[in-house]
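1. Below are the sequence and a predicted model for it; my questions follow.
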Amino acid sequence: CITCTARYDAEIAKIAGAKKIATLGYGVSDNSKQCAEGAAKSIQQYADDIGGAEVVYTRSDLDFGLPNGIAPEVSAIKSAGADLVIGCLDLNGMKTLSQEMERQGIVDEIAGLEAEENPSQSQRRRLAALRDELEVLERRRKRIAYVDPVDGRFNRFERQPLPNAHAVMVCLMDVSASIG
């Protein structure tokens, strides 16, 4: 039952040691929407059993395929202080979420290092490495759309030659003239 509360969402939060949880789902899919809302209800119901965790951000009306990106949601999740995100999204949506969270983490670390008045040599090296890593991530994100291997496996079209006849022809020749 996707709308029912489920203990496993709370157990995931407990195992992860999360105290502030965010849930995300697509608005176009009832299953995705109900999954995000059900996960939030589950965390709220079992909060005492898992050490007082709370849901700090829930959004169950994301556009399918995330045509406008997911950066605003990641920013809101970070602002709310969430340390666990339960995503009721497809694989591409989860990959996009993961990439944006990684990108924003790098951007924040770059901003922190740039704010240093007298950065050490190691901080300068780290800043240069982070900028290079961010540039690679941005180029990859713009150039290559994510395609999940499962999608590629089931949507592969390969030409296979089809035989155009299924008949067998057998020819006999009587050279003894005994038949007729």
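-> Yep, that arrived.
2. mean confidence score for stretch 78-87?
-> In this model, stretch 78-87 carries a mean pLDDT of 88.
3. That stretch: end-to-end distance?
-> With C-alpha to C-alpha, to the nearest Å applied, stretch 78-87 spans 15 Å between its terminal residues.
4. Could you do stretch 105-125 as well?
-> One end of stretch 105-125 to the other measures 17 Å (C-alpha to C-alpha).
5. Check stretch 60-71 too.
-> Terminal residues of stretch 60-71 are spaced 16 Å apart (C-alpha to C-alpha).
6. Quick check: nearest residue in space to A10, chain neighbours excluded?
-> Y46 (3.6 Å; C-beta to C-beta, 6 or more residues apart in numbering). For glycine as for every other residue, the C-beta is placed from the backbone atoms N, C-alpha and C.
7. ok, the one you found - how many residues close by?
-> A count of nearby residues for Y46, using other C-beta atoms under 10 Å, gives 19.
8. quick one: pLDDT of it?
-> According to the predicted model, the pLDDT of Y46 comes to 90.
9. show me the contacts for it.
-> Y46 makes contact with 5, 7, 9-10, according to C-beta atoms under 8 Å, 6 or more residues apart in numbering.
10. pLDDT below threshold where in this protein?
-> The model of the chain has pLDDT under 70 over residues 1, 140-158, 165-166, 177-180.
11. if you count residues, which helix in it comes out on top?
-> With DSSP state H setting the assignment, residue counts place helix 91-115 as the longest helix in the chain.
12. so what secondary structure elements neighbour that helix?
-> Using 3 or more C-beta pairs under 8 Å, 6 or more residues apart in numbering; DSSP states H and E as the contact definition, the elements that helix 91-115 packs against are helix 71-80, strand 84-88, helix 121-143.
13. for the ones you listed, which one sits closest to L97?
-> In terms of C-beta to C-beta, the element of those nearest to L97 is strand 84-88, at 5.8 Å.
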